[in-house]
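J.: please work out how this folds:
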Amino acid sequence: MSIWGADPFENDDAADWVAELENDPNIERILHAVDELADPVHVGYVEIPECCVAVAAAALLARLVSASNTSEPLSQESWSTLSSEMLACKPSQKCRMAHLAYLAVDRVLRDYEGSELQQQWSVSHLGYDVWAAVMENLLDRLRRARDALGERRS
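T.: Sure thing, here's the model as predicted:
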C-alpha cells in the first residue's frame, strides 16, 4: 500500500476503488464502502485497504449530500450520474448516508486499537497532525450535512 498524502484520495487503495466506481458509478457501491466500518456489530481490526476505501467513500458522500459541484477524482460524467441518483433520494436517506459516513471516518480516526490506518499515520513521516486535521475536517463536513438534512426531515 502506498500513501503519498493526507487527502482521502492520496493512496493506492482509494485510487483503485475510485477507478472501479468510475466504471460503475452508483450510490450503493459508495454506501457499501462505509457500511462495514459504520456498523456497530463489526468488531475487530480494520486493515488499511478497508479504511482507505471507507474514507474515500465518505469524502464523496460528503460532497454528494451537500450537492457539491466538485467532481474530482471522478469524471464529470460519473459525477453527474451519482449526483442524479442522489437527487432522487429523500432527505432522510441522505441524512442516513451522511451519518454512516461519519461513523466510518470516526472509527478510522479514533479507534487506535482497531484501525490500521490510524496506527500507520501515528508513526508516519508524512505527519499524523496533517492527516488528523483532514479527517476532522471531513467529519465536520459530514456532521454539518447530517444535521442540516436532519432538520429538513422534521
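J.: what helices and strands are in contact with the lowest-mean-pLDDT helix or strand in the chain?
T.: Between all helices and strands in the chain, the lowest mean by mean pLDDT, DSSP states H and E belongs to helix 128-153, at a mean of 91. Counting contacts by 3 or more CB pairs under 8 Å, 6 or more residues apart in numbering; DSSP states H and E, helix 128-153 packs against helix 48-65, helix 91-110, helix 116-122. The way it works is simple: take the backbone N, C-alpha and C, and place the C-beta from them, glycine included.
J.: tell me which of these sits most buried.
T.: Sort the helices and strands packed on helix 128-153 by mean neighbour count, taking mean count of other CB atoms under 10 Å, and helix 48-65 sits at the top with a mean of 26.
J.: quick one: distance of that helix to the chain centre.
T.: Centroid separation for helix 48-65 versus its chain: 2 Å, with CA atoms, centre = their mean, to the nearest Å.
J.: could you number the chain from 710 rather than 1 from now on?
T.: Fine by me, first position is 710 from now on; the one you just mentioned is helix 757-774.
J.: return the set of buried residues in the next helix or strand after it.
T.: Per DSSP states H and E, the first helix or strand lying C-terminal to helix 757-774 is helix 785-796. By neighbour count with 16 or more other CB atoms under 10 Å, helix 785-796 contains the buried residues 787-788, 790-792, 795.
J.: contacts only, for Gly859.
T.: Cys804 (CB atoms under 8 Å, 6 or more residues apart in numbering).
J.: so where's this structure shaky on pLDDT?
T.: Within the chain, the stretches with pLDDT under 70 are 710, 751-752, 861-863.
J.: Leu858: neighbouring residues, count only.
T.: Using other CB atoms under 10 Å, Leu858 is surrounded by 22 other residues.
J.: thought Val774 was touching it, still the case?
T.: Yes: using CB atoms under 8 Å, Leu858 is in contact with Val774, at 6.6 Å.
J.: find residues that contact each of the two.
T.: 803-804, 807.
J.: closest to His741 out of the buried residues of helix 785-796?
T.: Distance to His741 across the buried residues of helix 785-796 (CB to CB) is lowest for Leu791, with 13.9 Å.
J.: quick check: phi and psi at Ile777.
T.: Let me fix one detail, which is that residue 777 is Ser and not Ile. phi -70, psi 150 (degrees, to the nearest 10).
J.: what's the closest non-adjacent residue to it?
T.: Nearest in space to Ser777, with sequence neighbours left out and distances taken as CB to CB, 6 or more residues apart in numbering, is Ala771 at 7.9 Å.
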